[in-house]
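> Return a 3D structure for these sequence lines:
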Amino acid sequence: MSEEITTKELINSTKSVPRKRKFIGIVTSDSMDKTIVVRVDRVKTHKKYQKQYTVSRKYKVHDEKNEYKKGDNVEFVECRPISKDKRWRVISENNNQEK
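Sure, this is the predicted structure:
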C-alpha cells in the first residue's frame with residue numbers, strides 16, 4: 001500500500017502564483033488620455049567605490065479616470081499588456097512622501 005505520487009500531482013503541488021511587482025513613484029506627466037508617466041527612483045551602490053547614487057526609470061501607467069496629476073505620489077502594480085508600452089495599472093495615491 002505505498003502511495004505513489006505522479007509527476008502531474010508533484011508539479012501541481014509545487015506550482016505557485018507569481019507575485020505582481022509593485023512600485024511607488026512620482027507622476028511626471030499626465031497629458032495623455034488615461035495614461036500617466038511615473039518616475040521611480042531607487043538607490044544603488046557602486047561595487048568598487050561603495051558610493052550610493054540614484055537611478056531613475058519611467059513607466060507608462062494606466063489611469064482609467066484621469067484622476068492623478070503631475071507631482072502626485074502613486075502606487076502601481078504590474079498587469080496584462082494594455083498597449084505597446086503600458087503594462088502597469090494605478091492602485092492608489094500614496095500620501096506619505098518618500099525621500
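
> all strands for the protein, in order.
22-29, 35-45, 52-62, 73-78, 88-93 (DSSP state E).

> Can you give the strand pairings for the fourth one, parallel or anti for each?
Meaning strand 73-78. According to DSSP bridges, strand 73-78 forms sheet pairs with strand 22-29 (antiparallel), strand 88-93 (antiparallel).

> swap in the third one?
Strand 52-62 pairs in its sheet with strand 35-45 (antiparallel), strand 88-93 (parallel), by DSSP bridges.

> Among these, show the one with the smallest mean pLDDT.
Mean pLDDT per stretch puts strand 88-93 lowest among the strands paired with strand 52-62, at a mean of 94.

> Any idea how far that one is from the middle of the chain?
Centre-to-centre, strand 88-93 and its host chain are 9 Å apart (CA atoms, centre = their mean, to the nearest Å).

> Tabulate the CA atom coordinates of it in CSV.
Output of strand 88-93 as CSV, limited to C-alpha atoms (Å, rounded to 0.1, in the frame of the first residue of the first chain):
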residue,chain,number,x,y,z
TRP,A,88,1.1,48.8,-15.3
ARG,A,89,-2.1,49.9,-13.5
VAL,A,90,-2.5,52.5,-10.7
ILE,A,91,-3.7,51.1,-7.4
SER,A,92,-3.8,54.2,-5.2
GLU,A,93,-2.3,57.6,-4.3
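
> Need the residues that contact it.
22-23, 36, 38, 59-64, 68, 72-79, 82 (CB atoms under 8 Å, 6 or more residues apart in numbering). Using the backbone N, CA and C atoms, a C-beta is placed for each residue, glycine as well.

> Now that we have the residues you listed, which of them are buried?
Buried members of those, counted by 16 or more other CB atoms under 10 Å: 23, 36, 38, 59-63, 68, 72-74, 76.
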